[in-house]
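S.K.: Predicted structure and sequence below. I'll ask about it afterward.
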Amino acid sequence: MPRLKKQPLIFQEKLKIPKEFLKFATPRDVANYRAEKLKCNLLVELGAGIGAQTIAFSRKCKKVIAVELDKSRAKILSDNIKKLRINNVEVINGDALNKSVIQKISKESPDIIFFDTERPEESERTLDKIKPPVVEILKFYLPMAKKIAIEIPPYTKGLEELRKKFDFEEEFISLKEQLNRLTLYFYELKTCEKSAIALPSKEKIIQSDKKINSQKINSAKNFKYLYSIDPTIILSGLIDELASKLNASVLELNKPLLFSDNEKKSYFISPYRIIKICRNNEKEILSELKKIGAGKAILRYTVDPKDYWKIRNFYEKQLEGKKEINLFMNEKNNEAILCEKI
């Protein structure tokens, strides 16, 4: 999966932020979307960081209390607030689980509490490795507000156990067609079990209350268009909902793809026009690539990284055309699917 280019922060052009603090800062489009979604009189933000999300909240909420444990981040946040002349944000440099901080926030009677967790460094992200612990935050802050939103890393495991104790919605955020954030909305903020939203378009897919049986196919033959699916939809498990909305068929290759007879529009898909389908045979594929006038052959199927350029060079060294062709493989049905990206 290609790494998403770092997206700009809100008012980044006006602020001097050290590069080491930019990695996990909330992008502008995400910050603005959540600020609109969570606008209220008094919002408490736990784990405010350098304030990329805080600034957006300040524009939609009457007052924001921003809590940040790290002194360096809290200072950058305070400096940013002053530089932008924002006067409705109170910054607390402290631990969200500290008794005095909890008591102070409780006295304020917040409308909504937003918590941005610290991302664990481990390759396998599990709920119990998130700091501070989600369950602990809920234990102390649910008595203050039934509207709580918590951001966690998208690939976090263990949500099934959390759902046994608490009622929440999983909202997966796609930014520029790449998975970006996962937010859990508890109790009064919950609108469904799972959802996915594409930013900046705000196209949304919601998990259906009823079981959806999308059209599953074994072959790409007789279809004119192929669509790769945003990883956000795949991780959220909303493929059937998307397929149903677009009236498209699903074919499982190395990952799910959508197929249709006519062109579909959605911010959750990347469209390709099917040029030719032939047998999964190097000589036959090469022959068809030459007929098409291909100059490049992009491999869109699972291949060992060390073999990728070996295979691609086998084709491209023998091609003289100018077209860029994307090659998908349906190994179960012995199909090579040659496509042009739309």
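M.R.: Yes, it's here.

S.K.: Now Leu253: closest residue in space that isn't a chain neighbour?
M.R.: The shortest distance from Leu253 to any non-neighbouring residue, by C-beta to C-beta, 6 or more residues apart in numbering, is to Asn330 (5.8 Å). For glycine as for every other residue, the C-beta is placed from the backbone atoms N, C-alpha and C.

S.K.: how many other residues sit next to Glu128?
M.R.: Check again: residue 128 is Asp, not Glu. When neighbours are counted by other C-beta atoms under 10 Å, Asp128 registers 12.

S.K.: OK, contacts around the closest residue to it other than its chain neighbours?
M.R.: Counting by C-beta to C-beta, 6+ apart, Asp128 lies nearest to Gly158, which is 6.5 Å off, once chain neighbours are set aside. By C-beta atoms under 8 Å, 6 or more residues apart in numbering, the contact set of Gly158 is Thr126, Leu127, Asp128.

S.K.: Relative to Leu175, which of the residues you listed is nearest.
M.R.: Leu127 (23.3 Å; C-beta to C-beta).

S.K.: Show me the shaky parts of the protein.
M.R.: 1-14, 16, 120-124 (pLDDT under 70).

S.K.: same thing but 80
M.R.: 1-24, 119-125, 213 (pLDDT under 80).

S.K.: All the strands of the stretch 151-300 of the chain, in order from the start?
M.R.: 168-175, 178-187, 194-199, 203-206, 225-229, 249-252, 256-260, 269-279, 294-299 (DSSP state E, counting those that start in this stretch).

S.K.: Any chance of TSV for those strands, columns distance to Ser287?
M.R.: TSV is the format used below for the strands of the stretch 151-300 of the chain (distance: least, C-beta to C-beta, whole Å):
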stretch	distance to Ser287
strand 168-175	38
strand 178-187	35
strand 194-199	39
strand 203-206	40
strand 225-229	21
strand 249-252	24
strand 256-260	24
strand 269-279	8
strand 294-299	11
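
S.K.: From the chain's centroid, how far away is stretch 297-310?
M.R.: With C-alpha atoms, centre = their mean, to the nearest Å as the basis, stretch 297-310 stands 25 Å off its chain's centre.

S.K.: Can you name the residues in contact with it?
M.R.: Contacts of stretch 297-310 (C-beta under 8 Å, 6+ apart): 228, 253-254, 289, 311-312, 315-316, 319, 324-329, 331, 339.

S.K.: how about Asn247, what does it touch?
M.R.: Contacts of Asn247 (C-beta under 8 Å, 6+ apart): Ser260, Lys264.

S.K.: tell me the phi and psi of it?
M.R.: phi 50, psi 50 (degrees, to the nearest 10).

S.K.: My read is that Lys146 contacts Phe168, right?
M.R.: No - Lys146 lies out of contact with Phe168 (C-beta atoms under 8 Å); the separation is 11.5 Å.

S.K.: shared neighbours of these two, which are they?
M.R.: Phe186, Tyr187.

S.K.: who has more neighbours, the two?
M.R.: Using other C-beta under 10 Å as the criterion, Lys146 and Phe168 rank with Phe168 on top: 22 against 13.

S.K.: what about the more buried one, distance to Glu331?
M.R.: Distance of Phe168 to Glu331, given as C-beta to C-beta, to the nearest Å: 39 Å.

S.K.: swap in Leu238?
M.R.: 26 Å.

S.K.: The two: which has the busier surroundings?
M.R.: For Leu238 versus Glu331, neighbours defined as other C-beta under 10 Å are more numerous around Leu238 (25 against 12).

S.K.: Quick one: residues contacting that one.
M.R.: Contacts of Leu238 (C-beta under 8 Å, 6+ apart): Lys194, Ser195, Ala196, Ile205, Ile206, Gln207.

S.K.: As PDB, could you dump the C-alpha coordinates of stretch 135-146?
M.R.: Extracted in PDB, the C-alpha atoms of stretch 135-146 (Å, rounded to 0.1, in the frame of the first residue of the first chain):
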ATOM      1  CA  VAL A 135     -10.900   1.400  30.000                       C
ATOM      2  CA  GLU A 136      -9.400   3.700  32.600                       C
ATOM      3  CA  ILE A 137     -10.300   6.800  30.700                       C
ATOM      4  CA  LEU A 138     -13.900   5.600  30.400                       C
ATOM      5  CA  LYS A 139     -14.000   4.600  34.100                       C
ATOM      6  CA  PHE A 140     -13.200   8.100  35.200                       C
ATOM      7  CA  TYR A 141     -14.800  10.200  32.500                       C
ATOM      8  CA  LEU A 142     -18.100   8.500  31.700                       C
ATOM      9  CA  PRO A 143     -19.600   9.700  34.900                       C
ATOM     10  CA  MET A 144     -18.900  13.300  33.700                       C
ATOM     11  CA  ALA A 145     -20.300  12.900  30.100                       C
ATOM     12  CA  LYS A 146     -22.100  10.300  28.100                       C
END
